[in-house]
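In: fold the following.
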Amino acid sequence: MSNAEYKRWASASVREALEVFRVVFVSGVRQCGKTTLTRQLALPDSELRSLDNSAMKKVAAEDPAGFVKRKRHGPLVIDEIQKVPSLLPEIKLVVDENTAKGQYLVTGSANIKTLPSVTESLAGRMGTVRLRPLAHGEVAGNAPMFVKRALNGDFPGVVKGFSKADIVRLAFRGGYGEPLNLSFRAKRLWFKSYLDAMLLHDIRELMDVRAYQTLRRMAEDLFARSAKFFDAKEFTSAYGIKQDTFTRYMSILKTLFLVDEVEAWHETDYDGLGKRSKYFAADTGMMTSVLNWNEDEVNFDSDRAGKLVETWVYNQLAPQVDLEADLSITQFRDKQKHEIDFMLTGAGYPTLGIEVKAGSDVGKSDFKNLAWFKDNVAKEKAFMGIVLYAGDTTLPFGKNLYAVPLGAICG
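Out: Down below sits the predicted model:
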């Protein structure tokens with residue numbers, strides 16, 4: 001199935017942003033469905049101009065001021081705007097003169113805020129909506145209710161059909177619409193070709209990067225370390241590159257939305273907090289294909305299964321967190337090695353700590369870090385701790401501590 005057949009959770013966010021901002025930027029990795037989303041919105045009296053069209057791109061580059069002139073009352077939709085960044089200053093001039101909301105809807109397969117070629121931020125004028133690969137809940141046609149319910153301690157009693165093997169199978173499928181139902185071999189070929197095209201073509205179109213092989217290898221190594229802490233020195237030593245080069249390459253992979261950074265939780269004066277970020281593959285289908293993983297082998301490899309399931313959980317949580325104003329996703333680790341996989345925090349929300357367990361057995365020991373955090377860090381503040389596991393029944397493990405089926409996060 002294509003992206004066109006799925007209702008995207010981010011649609012409401014885009015519509016809302018168009019009523020608040022003069023310009024709305026829909027960002028996300030290539031082939032995640034940005035163009036399809038703009039068409040599905042069916043915005044009245046709008047016009048689409050795609051910079052993937054070489055003739056259109058040439059016109060935009062030669063006459064950016066003329067290109068951004070709107071001919072209709074509805075928004076002008078400009079697809080892949082990172083290809084001609086000189087359009088952004090011209091859009092700024094227009095929206096500074098006319099402050100009406102929803103004049104432009106632009107999409108991009110790169111984070112234009114981090115591109116060296118972009119000098120205009122449109123601060124105060126532009127709202128950003130992140131579109132990610134499909135979450136399983138979107139494929140299943142479910143509403144994005146897990147995060148809302150979890151923050152209120154409202155969990156389904158039973159969720160069946162999400163054993164460890166089921167989750168691994170879904171993780172291997174990933175969230176890209178085009179290869180979603182391809183055969184194992186065809187999917188692997190699709191993802192490898194896709195990644196090569198991005199690293200060989202898209203990056204060179206945006207910035208001066210010649211070390212393709214190093215960048216390709218770095219992407220693979222980051223996928224292999226998805227959900228794990230690592231030392232940057234491992235990369236700089238292995239590749240024979242300097243720290244600033246590593247930092248630049250990491251920025252490139254994040255700019256193209258191939259990997260996501262989840263920063264350390266820091267919302268307290270508690271001593272001994274860790275500061276290192278974790279990095280996650282933005283899609284588990286790409287992760288498993290590029291790493292040449294085999295589904296049966298992963299099921300019997302606790303390390304790979306653990307990384308894959310935690311990454312899949314992130315891929316399901318992140319698009320739901322995106323929908324909640326002021327809510328953010330971080331991770332917790334201190335010098336005493338207390339770790340919590342995900343922390344959902346925001347003004348007006350209780351803190352939600354989430355641990356991920358790939359297995360179907362769950363016990364009190366699985367809650368030791370959540371219970372410790374509740375008693376020693378959260379204290380009197382509102383805190384909810386859950387362990388997502390591959391069982392099918394929600395179980396209480398103390399006040400505001402629950403074991404919840406992994407399948408609950410799919411809607």
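
In: what about the strands in the stretch 51-200 of the chain?
Out: With DSSP state E, counting those that start in this stretch as the definition, the stretch 51-200 of the chain shows strands at residue ranges 76-79, 104-108, 126-130.

In: with mean pLDDT and distance to residue 66 added, can I get the ones you listed in a markdown table?
Out: Where you see a C-beta, it was placed from the backbone N, CA and C, and this is true even at glycine. Output for the strands of the stretch 51-200 of the chain, formatted as a markdown table (pLDDT from 0 to 100; distance: least, Cβ to Cβ, whole Å):
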| stretch | mean pLDDT | distance to residue 66 |
| --- | --- | --- |
| strand 76-79 | 97 | 12 |
| strand 104-108 | 96 | 15 |
| strand 126-130 | 94 | 21 |
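
In: deepest-packed of the ones you listed, please.
Out: Among the strands of the stretch 51-200 of the chain, the stretch with the highest mean neighbour count (mean count of other Cβ atoms under 10 Å) is strand 104-108, at a mean of 26.

In: that strand: how far from the chain's middle?
Out: Relative to the chain's own centre, strand 104-108 is displaced by 18 Å; criterion: Cα atoms, centre = their mean, to the nearest Å.

In: that strand vs strand 126-130, what angle?
Out: Interaxial angle of strand 104-108 relative to strand 126-130 (axes from the mean of the first three to the mean of the last three Cα atoms, to 10 degrees): 40 degrees.

In: what lines up beside strand 104-108 in the sheet?
Out: Its sheet considered, strand 104-108 pairs with strand 23-27 (parallel), strand 76-79 (parallel) by DSSP bridges.

In: possible to save those strands as CSV with distance to residue 384?
Out: Below are the strands paired with strand 104-108 laid out as CSV (distance: least, Cβ to Cβ, whole Å):
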stretch, distance to residue 384
strand 23-27, 30
strand 76-79, 40
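
In: rounded mean pLDDT for the host helix or strand of residue 387, please.
Out: Following DSSP states H and E, one finds residue 387 within strand 383-389. In this model, strand 383-389 carries a mean pLDDT of 97.

In: and it, what does it pack onto?
Out: Secondary-structure packing of strand 383-389 (3 or more Cβ pairs under 8 Å, 6 or more residues apart in numbering; DSSP states H and E): helix 146-151, strand 351-356, helix 368-373, strand 401-405.

In: name the surrounding residues that touch the last one.
Out: I take that to be strand 401-405. For strand 401-405, contacts defined as Cβ atoms under 8 Å, 6 or more residues apart in numbering pick out 150, 153, 155-156, 158-160, 162, 362, 366-367, 370-371, 374, 384-397.

In: repeat that for 7 Å
Out: Under the criterion Cβ atoms under 7 Å, 6 or more residues apart in numbering, residues 155, 159, 162, 362, 367, 370-371, 385-389, 391-397 lie in contact with strand 401-405.

In: do the same with the first one
Out: Taking contacts as Cβ under 7 Å, 6+ apart, the residues outside helix 146-151 that touch it are 155, 320-321, 324, 344, 349-350, 352, 384, 386, 408-409, 411.
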